[in-house]
Every structure is written in C-alpha cells, then in structure tokens.
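1. Task: produce atomic coordinates for the following.
(one chain, ligands or ions: 1)
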Amino acid sequence: MLKHPPHVALSDYSEGLFELSKVDLSCTQGQADEFPAIQKLNLNVDVQKLIQDFEFCKQALSDNYLEERRHGFSIPLNQVKEILTTFGFNQNYSAIGLMKVGTTELHEYVPEYTRSLLEELQPLCRAHYVIARPGLKIPKHSDCVDFSTHGFRVHIPIQNTSSYVFYQGSNATRYQLPPGSAWFFNNALTHEVSHESESVRISILLQMMSDRALLSRFA
Ligand SMILES: O=C(O)CCC(=O)C(=O)O
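-> So this is what the prediction gives:
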C-alpha cells in the first residue's frame, strides 16, 4: 500500500520521479514562506479570447499531459497515475500540455492570443490547461518543499471560479480566483482544492522559472 504524506512530490515514492528537466528553474530563488499564498498579478487577461483558444485546442487534443511527461518518470506511468489518482487527480481532472516538455517553448498548436499572454510570463518550464469537473476534491497537499526545485506556479482561471483553502499554522484561508486575472499560487504551502459547481472549471496552470518576472507583476 502506498503511504500519502501531505507533500505530494512523487519523488517521495521513487528518487528522481517527476523531476523537472535541466532547463527548469535555473533562476528560481526564495523560499515558500517569503511569498503570499495567493497574489494577483499585474497582467491583462482577455477571458473571451482565452476561451476561444481553449475551444480550438480542445477540438484537436486530448488529455496528453502525463503522456508528454512520461520520460521524466522513473517508475511506470501507470504507477504515476495510481499515485495521482489517490490524491484526487482522477476522472474529474484532465490536463492538456501547452509546452514542449524539457524546453521553454510553447507547442505550435498554442493559438496566438494565449501564446502572447504566456510569452509575457517567460521563462516558463511548464504550462497546461486544466479541466476540473464537478465533484473534484484534492485533499491537503503541497507540491514542493521549496521553490529552488519547482519554480513559481501561476493560475489563470478562464471558465468558472477556482476555489482553494490554504493552511498556514492554525489558519485555514479560502481563496476564490475568478476568471479575468492571473494569480501567483504558492503551491509549496499546504493547500486543498475542490470544485463544487455544476459546470466544468477551466484554467491555465503554469510554472515560472524566475521570481524576477514574478515580483515585477505583483499587483
Ligand atoms: O486547481 C488545480 O487545478 C490544481 C491546483 C493545485 O493543487 C496546484 O496548482 O498545486
């Protein structure tokens, strides 16, 4: 039986698993508790254009995210899926990769508006659409022990509000992130995800490689 510590890094199960590639994180600095849990970024986001772009990608693509990353795993993909499923990343959660794995380049199929928005946040090491279905519940976890190995996560909700609870000491704080803005998301802190609406929630999740690019956009 697998044990599930609150820290979700798959490397807890197998050394090196889910590590990011060499291009990742060359300029990442800082520690989790130096950053807020959630922080709005100073960036114009045109939600209608993002939805149009998503609809275009959705026609052409299926959930490819883990498949794309499979060469980075040191255990078989089905074991990766099993671990993620036990954390709540199940049939209620799918992802479509937007970047060529192991590079800082976006896929050719990323449409123009989304491309120009993401280019403003480069250097990036990961970016994907997330489709979260009603009933999604990802229990308390953190995605990394420090930024020096994972970079800075940003969420851009494009359809439906994203809802999170962050735990810091004895405090639990709920955040609702509506579409129309980009948000720094401190995924090194313990957090919990749920989606209780009756329609799907769509967002872009990405990982910035530099706190410089991030801090200059803190609104
Ligand atoms: O909202 C999501 O899609 C996943 C959130 C999450 O757990 C994370 O970004 O670390």
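2. SS state for residue 62?
-> coil (DSSP: H, G, I helix; E, B strand; the rest coil).
3. the strands in the protein, which residues?
-> 38-40, 93-97, 124-132, 136-141, 152-159, 162-168, 171-177, 183-185, 190-195, 201-208 (DSSP state E).
4. elements contacting the second one?
-> In other words, strand 93-97. Here strand 93-97 touches helix 65-69, strand 124-132, going by 3 or more C-beta pairs under 8 Å, 6 or more residues apart in numbering; DSSP states H and E. (Each C-beta comes from the backbone N, C-alpha and C, glycine too.)
5. Quick check: residues of this protein near the ligand?
-> Contacts of the chain with the ligand, taken as C-beta under 6 Å from any ligand atom, map to 130, 132, 138, 143, 153, 162, 185, 187, 193, 205.
6. Write down the beta-bridge partners of the first one, one by one.
-> According to DSSP bridges, residue 95, residue 203 are recorded as the beta-bridge partners of residue 130.
7. Quick one: end-to-end distance for stretch 68-78.
-> Chord length of stretch 68-78, first to last residue, is 14 Å (C-alpha to C-alpha, to the nearest Å).
8. ok, back up a step: quick one: which of the strands of the chain is nearest residue 83?
-> Nearest to residue 83, of all the strands of the chain, is strand 136-141, at 11.4 Å by C-beta to C-beta.
9. How about the chain: which residue is closest to the ligand?
-> Per C-beta to the nearest ligand atom, the residue of the chain with the smallest distance to the ligand is residue 187, at 3.7 Å.
10. mind checking how far that residue is from residue 143?
-> According to C-beta to C-beta, to the nearest Å, residue 187 stands 4 Å off from residue 143.
11. Which one of those two is surrounded by more residues?
-> Higher neighbour count among residue 187 and residue 143: residue 187, with 25 against 18, using other C-beta atoms under 10 Å.
12. Now for that one: which residues touch it?
-> Taking C-beta atoms under 8 Å, 6 or more residues apart in numbering, we find residue 187 in contact with 142, 143, 144, 150, 153.
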